[in-house]
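Trainee: Predicted coordinates and the sequence they were generated for:
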Amino acid sequence: MDGVGFVSRRTALVGAAALAAAGWGKPAAARSRSTPEPRWTLPLPAVELTSPIWVHAGVVYLVRPQLLTAYNAADGRLMWDTPVGPVDVMWERDLEWRLAVGGDRLFLSHWHDFGSDANRRLLAFRRADGTPLWAHDLRYRAAGLAAAGDDLYVEGGNHLAVRYLQIRHAVTGAVRVNRDGEGLQGGPGPVGEVPGRLLIDDIRGGINGSLRLLDTAGGQIFWEQRGTVRRGLRSLDLGESFLVAAAGGLAHLHAADGATDWEVLTPGGLDDIAHHQGIAYALTSEALTAFDSGSGGRLWRHRRPHWSASLDTTAGRLLLRVNDELRTLDPRTGDPTAEPVTLSIGWVGTDADSCYAVRDDQLTAWTVT
């Protein structure tokens, strides 16, 4: 990798030959496991769920046909639903959705690569009762959405890799700052408060771009590293460091200057990354691998069973979604801690100790153990 001040302090290289020599990991000893019991269920046919499931501050949000719906996460009680407006697509599930929460407002974006401008909209609602506040059309998709104070951050682009980062007034949705060619990467995730800094990337039409640390208050660029990020994957803010999906694999960067502390090559290409209690996880087309986030040393590796997969963490457990099945794993070993849960559709929402998903055409909440 080349870049401005990009100095590697320690590199842990794990090549394909070394991985093969180390083996695929040993299966765990047989143990008694049970399928998690539901805490509550609500009828929701999978065909009616057209968005991911988001959970924030004790509320579960999801989109059914042309309706944004809010449920109480504790007992499943319907709090409100509100129209999100007509969309000009044959199948609403083809839309991509993003949601962010800021103060007493809820922000929702949706887009589709084809069709009319009605397929690319940014909407705001009152969190308490779902009252619509404003709506704006977007020129391109809004792939990233985050809120902080009176600001709403919108990142997007199109299939030609035209990128932008907008800072909008949360009260009106009006654009305050527009930066073409830049995009928001990582940060708080789909729901949450924006910290005082954000990682932004600049792809410029290629797979690899530059990574910058941006001060959200004044817009100052603290540092820039080139050739570091891999397009389409998140970066994780760990406080004094960042875990990023780098061009060659998984990298651990110092927050102060962006210098590389360690980097691990990941044969097969990264599909997702996660971090929990000092352990970094890399999901590739070949395997799920855990690394010590302090040193980059490998802790365990298990063969990846399916192509469609993603990672999450909650309640001290690692969640691996493979196709329409959710597996709960011990983060220290990768061994299962419960029987797999079969999902009607692959979207799963999480909070501090629970999962929310559609099982047997029921919106279901269960506690992770």
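Mentor: Received the coordinates, thanks.

Trainee: all helices of the stretch 201-350 of the chain, in order?
Mentor: Under the criterion DSSP state H, counting those that start in this stretch, the stretch 201-350 of the chain contains no helices.

Trainee: what residue ranges in it score low on pLDDT?
Mentor: For the stretch 201-350 of the chain, residues meeting the criterion pLDDT under 70 lie at 201-210, 212, 214-220, 227-234, 305-307.

Trainee: Please enumerate the strands of the stretch 51-200 of the chain.
Mentor: Secondary structure of the stretch 51-200 of the chain (DSSP state E, counting those that start in this stretch): strands at 54-56, 59-64, 67-72, 78-83, 96-102, 105-111, 121-126, 132-137, 141-148, 151-157, 163-169, 175-180, 183-184, 197-202.

Trainee: As TSV, these with mean neighbour count and distance to Gly296 would be great.
Mentor: The C-beta positions use only the backbone N, C-alpha and C, and glycine is treated the same way. Output for the strands of the stretch 51-200 of the chain, formatted as TSV (neighbours: other Cβ atoms under 10 Å; distance: least, Cβ to Cβ, whole Å):
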stretch	mean neighbour count	distance to Gly296
strand 54-56	22	32
strand 59-64	23	36
strand 67-72	20	41
strand 78-83	15	44
strand 96-102	22	32
strand 105-111	24	36
strand 121-126	20	39
strand 132-137	14	43
strand 141-148	23	27
strand 151-157	24	29
strand 163-169	20	30
strand 175-180	12	33
strand 183-184	24	26
strand 197-202	23	20
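
Trainee: Go through the ones you listed and find the least confident stretch.
Mentor: In terms of mean pLDDT, the lowest-scoring of the strands of the stretch 51-200 of the chain is strand 183-184 (a mean of 38).

Trainee: Take the strands of the stretch 51-200 of the chain and lay them out in JSON lines including distance to Ile221.
Mentor: Shown next, in JSON lines, are the strands of the stretch 51-200 of the chain (distance: least, Cβ to Cβ, whole Å):
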{"stretch": "strand 54-56", "distance to Ile221": "30"}
{"stretch": "strand 59-64", "distance to Ile221": "33"}
{"stretch": "strand 67-72", "distance to Ile221": "36"}
{"stretch": "strand 78-83", "distance to Ile221": "39"}
{"stretch": "strand 96-102", "distance to Ile221": "23"}
{"stretch": "strand 105-111", "distance to Ile221": "25"}
{"stretch": "strand 121-126", "distance to Ile221": "26"}
{"stretch": "strand 132-137", "distance to Ile221": "27"}
{"stretch": "strand 141-148", "distance to Ile221": "18"}
{"stretch": "strand 151-157", "distance to Ile221": "16"}
{"stretch": "strand 163-169", "distance to Ile221": "12"}
{"stretch": "strand 175-180", "distance to Ile221": "11"}
{"stretch": "strand 183-184", "distance to Ile221": "14"}
{"stretch": "strand 197-202", "distance to Ile221": "9"}
